[in-house]
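J.: Pasted the sequence and its predicted model underneath.
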Amino acid sequence: MGDNTNPTRIVRDAFIDMTLYLECLFLLHGVNDLLVEDIIRCMEEGYAKTMRGLKKVSDRKPRPKRRTAVDRFLQKLEQERI
């Protein structure tokens, strides 16, 4: 489908695929509309929860790979935020 390196896009594409698979099962087996609503609502909640988790991970600032005196001092200055 799309960009295979963007985690948000990968999750979105997976949820699209799962939804289409479920729709096929619903149509083939004549599932009750109320049950379909409940299942899709659960999928929506799962998708929202997953996206919030991805956002938290992507919002984290990467740690410097090396720790020098300059790095420590810059970090201290950033934390003060005057």
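T.: Happy to help now that I have it. Numbers count the residues shown, from 1 in each chain.
J.: What residues of stretch 37-52 count as buried?
T.: For stretch 37-52, burial by neighbour count (16 or more other C-beta atoms under 10 Å) applies to 47, 50. The way it works is simple: take the backbone N, C-alpha and C, and place the C-beta from them, glycine included.
J.: Where does the residue positioned nearest the centre of the chain fall, secondary structure wise?
T.: Note on the chain: the residue nearest the mean C-alpha position is M51, at 2.9 Å, using C-alpha atoms, centre = their mean. Following DSSP states H and E, one finds M51 within helix 33-59.
J.: what's downstream of that helix, the next helix or strand?
T.: Using DSSP H and E, the next helix or strand after helix 33-59 towards the C-terminus is helix 69-80.
J.: now V11: how far from L77?
T.: Distance, V11 to L77, using C-beta to C-beta, to the nearest Å: 36 Å.
J.: These two: which has the busier surroundings?
T.: Using other C-beta atoms under 10 Å as the criterion, V11 and L77 rank with V11 on top: 15 against 10.
J.: which residues of this structure score low on pLDDT?
T.: Within the chain, the stretches with pLDDT under 70 are 1-3, 62-65, 82.
J.: can you rerun that using 80?
T.: 1-5, 58-67, 81-82 (pLDDT under 80).
J.: Most remote residue from the middle of it, which is it?
T.: Here the chain reaches farthest from its C-alpha mean at A69, the gap being 35.8 Å by C-alpha atoms, centre = their mean.
J.: Tell me the spacing between I16 and V31.
T.: Per C-beta to C-beta, I16 is found 19 Å from V31.
J.: now swap in L54 and tell me
T.: According to C-beta to C-beta, L54 stands 30 Å off from V31.
J.: helix/strand/coil for I16?
T.: With DSSP: H, G, I helix; E, B strand; the rest coil as the basis, I16 sits in helix.
J.: please renumber so the chain begins at 32
T.: From this message on, residue numbering opens at 32, which makes the last subject I47.
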